[in-house]
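Novice: next comes the sequence, and after it the predicted model I'd like to discuss.
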Amino acid sequence: MTPEKDVQLCTKYPKIFRDRNESPRRTCMHWGLECGDGWYDLIDTLCHSIQHHVDWKFKDQEYRIKIGDLKPEDVKSEEELQVVAAQVKEKFGGLRFYVDGGDDEIHGMVSFAEAMSYKICEDCGSPGTLRK
């Protein structure tokens, strides 16, 4: 991905891409988003959905405590709930979006985006097909 698009996503979703400038010994995100600009909208939508879900889950804990569905000692901090991108790249013609953390809904979102990437041109974002 071009440096400009990379910076846009990392600026828009600082919690998800918090490890973007860390050492390569700590994270593969050091290398940036290793895919074409055509998947920018797909990754943007995925990150928006992930962050919305994480924010909702954090706020939902308060309600669940009030109704007795969750004990205060089971409450997780925002940091514990936050999903962080570990690596974003192209592999075998499809998007790979590896994360640290997350629940079944997050992993479903990631799987869906990865499946959609096979129908979107990595370079231009137009409808596409996988070529062998």
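Specialist: Yep, that arrived. Everything numeric in this text was worked out from a predicted model, so none of it was measured.
Novice: just checking, what's the longest helix in the chain?
Specialist: helix 40-66 (DSSP state H).
Novice: quick one: the helices in the protein?
Specialist: Ranges of helices in the chain, per DSSP H, are 3-12, 40-66, 78-81, 104-116.
Novice: now the longest one and helix 3-12, what's the angle there?
Specialist: Computed by axes from the mean of the first three to the mean of the last three Cα atoms, to 10 degrees, the angle separating helix 40-66 from helix 3-12 equals 10 degrees.
Novice: run the chain-centre distance for helix 40-66.
Specialist: Here helix 40-66 is found 11 Å from its chain centre; the criterion is Cα atoms, centre = their mean, to the nearest Å.
Novice: any idea which residue is closest to the centre of the chain?
Specialist: By Cα atoms, centre = their mean, the chain has its centre lying nearest to C47, at 4.5 Å.
Novice: and the pLDDT for the residue nearest to it when sequence neighbours are not counted?
Specialist: Once flanking residues are discounted, C47 sits nearest to Y13: 4.4 Å by Cβ to Cβ, 6 or more residues apart in numbering. Heads up, the C-betas are built off the backbone N, CA and C, glycines and all. Note on Y13: pLDDT of 98.
Novice: does Y13 touch Q51 like I think?
Specialist: Yes: using Cβ atoms under 8 Å, Y13 is in contact with Q51, at 5.9 Å.
Novice: mutual contacts of these two, please.
Specialist: Taking Cβ atoms under 8 Å, 6 or more residues apart in numbering as the contact definition, Y13 and Q51 share no neighbouring residue.
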